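Engineer: okay, sequence plus prediction incoming.
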Amino acid sequence: MIVIHALAFYRARRLSSFTIGSPEASFTEIATQSDRYTINFERLTSTIREMIEFNIYSAVLMPLAGLILYAVWSRLRMPLEYRQISSHVPSVTKTFWSEMLFSWKVAMLKPKDILPFLTDLIRTIGPVVHFNLSGRSYVLLNDPDDLKILLSSAQHIKKGPEYDMLKPWLNEGLLLSSGKKWQNRRKLLTNTFHFKTLDMYNPSLNRHSRILIDKLLNASANGDREISIPEYITLCSLDMICETIMGTEMNAQEGKSTQYVHSIKSACKSVIERIFKFWLWNDLVYKMSESGQSFFKSIKVLHAFTDNVIKSKRASLKNSGIEKMQSDSKFEKTKKKSFLDLLLNVLNDTPDQMTDKDIREEVDTFLFEGHDTTSIAMTMILVLLGMHSDIQEQARDEMRSIFEYSDRDATMEDLNAMKYLEAVIKESLRVYPSVPAFTRELEKPLQLKNYIIPPLTTITVYPFILHRNEDIYPNPEEFIPERFLEEKNRANFLFGYLPFSAGARNCIGQKYAMYQMKIVVSTILRNAKIETLGCKEDIQISSQLIIRIESLPKMKFYKL
Ligand code: HEM
């Protein structure tokens, strides 16, 4: 490796002093000697040849050296007994060469090719597939019975090693923490998502939904113009999470937070690139890579945004004099509070339990998890409703039966009555689960239906692939909300439907998400007819931390 580097460096040095016209002139000199244009063709040909050689070094030999290094490193890193898993679990990396080939294939995948590649793997090999990658042992799990064993056990709650790549951003927030810290935090924060607390968010969710539909109708000039909706939805969702969970106004729909939104997308892309390219797992290499530099640049913007959210919350508490009152008054302590109120309260009352850093990591986690997941989900629900006018009409009929022609806000009671819309949302999350994959690292052996998986293995679950299992969902590519209304399907869907994961580490915000999505979509259905100018084949998504849209049909909204 060192020799190849030295050779490449030597070549590069020679190239940097190549001459045109005069054998002594360097690049800089050439730039200043604009009157000397006589080209020495012999030198030029040799330069081109050197460039080709240099490319061979960097394109073929360097990766080859990297691969050999990888092989040695992965063998040292993974104890032999963990390699033996491939002797009894169906594996795609049974031999050294198959592992090298597989690692290389995976590293070359583009985000949009990941889901088709893994779907193919599961279809050809089965619902339990083992592979070694980057010196780690992975098992893809796609069988509802096995998933039930994994997810309903309180023992297997440690997240896989890929989550560590999010740590510079989310630190040890609820999504990434484990052990006692996770248990205490989860207990503390669960209260924020109690249905009585959610009820208190309704006016704000209704208000932002109305702003959204006004924006969509204005932008599409009552059906005269085609529009692209993801950005509108994302900004609305960000306003909602800031005002409800964080208790502070951000006015993202007025164009105040676009940099934050773009930085989230860029950070997620860099993380997924790192997960699949084994050479980027090294911190130093990652920091020096283009992907790593873009990641750390995004993180600066993201942290500045969260600092701003915390600062404005503190300022508003100070102004209203509530901060002191809340920490003093016993009455206030028992009253339901928003997420950030609660955290700041704990910081005030028991500083040994919570620090400024702890608050920042939870705000980062909830801002990210709480708006990006619902934005993509609401975008896909609207796109699918715009493609299926019969389903859209049926959902609108339900709104008329609940609201008649009244313009009033949706209440908790209304939301609970929206059974058909709930089925539409669930079916949309089946086809396009916002979180396409999650993992667990085993700390103890896991006894599945047919196999025992040893500790240190990373179990990977792809709801996106699971939700396309024909045994559970006949015609899986079709959009059929009625599946979720049929009682007989309930048992099948228990561990065969995992948009919010399941068990102890399921999504803490799922009830909030469901209420939010119902309010937004029902407000749009009550005020506008939705048209999607394309079909399912025009939708292209890629698997990142959250699914990302590669291409999406444009839409039109007509005022009702
Ligand atoms: C459609 C919307 C949503 C979907 C599909 C979704 C999905 C998920 C999934 C699959 C997980 C498990 C991830 C894993 O194991 O790695 C998760 C965890 C989590 N979600 Fe959501 N989520 C949504 C909305 C929300 C919202 C609105 C919030 C906050 C307000 C939120 C906060 C969290 C947090 C904090 C965790 C980590 C929980 C823990 O580990 O204890 N999510 N979500």
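Structural biologist: Yep, that arrived. What you see is a predicted model; the values in this text were computed from it and never measured.
Engineer: CA only for contacts and neighbour counts going forward, please
Structural biologist: Fine.
Engineer: check which helix or strand covers residue 530.
Structural biologist: Residue 530 is located in strand 528-532, with elements delineated by DSSP states H and E.
Engineer: any idea of the mean pLDDT for that strand?
Structural biologist: What strand 528-532 shows for mean pLDDT is 98.
Engineer: kindly report the same for stretch 378-396.
Structural biologist: 98.
Engineer: quote the end-to-end distance of that stretch.
Structural biologist: Taking CA to CA, to the nearest Å, stretch 378-396 runs 16 Å from one end to the other.
Engineer: check which residues of that stretch are buried.
Structural biologist: 378-388, 391-392, 395-396 (16 or more other CA atoms under 10 Å).
Engineer: residue contacts, residue 442?
Structural biologist: 156, 158, 454, 455, 456, 457, 458, 459 (CA atoms under 8 Å, 6 or more residues apart in numbering).
Engineer: now the buried members of those.
Structural biologist: Taking 16+ other CA under 10 Å as the criterion, what is buried in those is 156, 158, 454, 456, 457, 458, 459.
Engineer: could you list the low-confidence segments of the chain?
Structural biologist: Within the chain, the segments meeting pLDDT under 70 span 1-60, 63, 67, 70-71, 73-84, 86, 320-337.
Engineer: for residue 397, helix, strand, or coil?
Structural biologist: helix (DSSP: H, G, I helix; E, B strand; the rest coil).
Engineer: any idea how far residue 403 is from it?
Structural biologist: Counting by CA to CA, the gap from residue 397 to residue 403 is 10 Å.
Engineer: what's downstream of the strand holding residue 530, the next helix or strand?
Structural biologist: Toward the C-terminus, strand 528-532 is succeeded by strand 540-543 as the next helix or strand (DSSP H and E).
Engineer: show me the buried residues of stretch 378-396 that map onto helices.
Structural biologist: If you go by DSSP state H, the buried residues of stretch 378-396 have 378-387, 391-392, 395-396 in helices.
Engineer: residue 310: neighbour count?
Structural biologist: 20 (other CA atoms under 10 Å).
Engineer: just residue 134 next, same as before
Structural biologist: Residue 134: 21 neighbours (other CA under 10 Å).
Engineer: just checking, it touches residue 103?
Structural biologist: Yes. Between residue 134 and residue 103 there is a contact under CA atoms under 8 Å: 7.2 Å.
Engineer: now for these two: what residues contact both?
Structural biologist: Joint contacts of residue 134 and residue 103 (CA under 8 Å, 6+ apart) are residue 278.
Engineer: spell out the secondary structure type for residue 109.
Structural biologist: Classified using three-state DSSP, residue 109 is coil.
Engineer: and this protein, which of its residues are near the ligand?
Structural biologist: 174-175, 186, 366, 369-370, 373-374, 377, 433-435, 438, 499-501, 505-510, 512-513 (CA under 6 Å from any ligand atom).
Engineer: right, and the ligand sits closest to which residue of the stretch 151-300 of the chain?
Structural biologist: residue 175 (3.8 Å; CA to the nearest ligand atom).
Engineer: returning to that earlier point: so which of the buried ones among the contacts of residue 442 are in strands?
Structural biologist: Among those, DSSP state E puts 458, 459 in strands.
Engineer: the buried ones among the contacts of residue 442: which two are farthest apart?
Structural biologist: Farthest apart among the buried ones among the contacts of residue 442 by CA to CA are 158 and 454. That separation is 14.5 Å.
Engineer: taking the stretch 1-150 of the chain, what residue is nearest to the ligand?
Structural biologist: With CA to the nearest ligand atom, the shortest gap between the stretch 1-150 of the chain and the ligand falls at residue 150, namely 11.9 Å.
Engineer: and the residue nearest to that residue when sequence neighbours are not counted, how far is that from residue 444?
Structural biologist: Nearest non-adjacent residue to residue 150, counting by CA to CA, 6 or more residues apart in numbering: residue 156, 6.7 Å away. Per CA to CA, residue 156 is found 8 Å from residue 444.
Engineer: need the residues touching each of these two.
Structural biologist: With CA under 8 Å, 6+ apart, residue 156 and residue 444 have no common neighbours.
Engineer: now the residues of the chain next to the ligand: which count as buried?
Structural biologist: By 16+ other CA under 10 Å, the residues of the chain next to the ligand give 174-175, 186, 366, 369-370, 373-374, 377, 433-435, 438, 499-501, 505, 508-510, 512-513 as buried.
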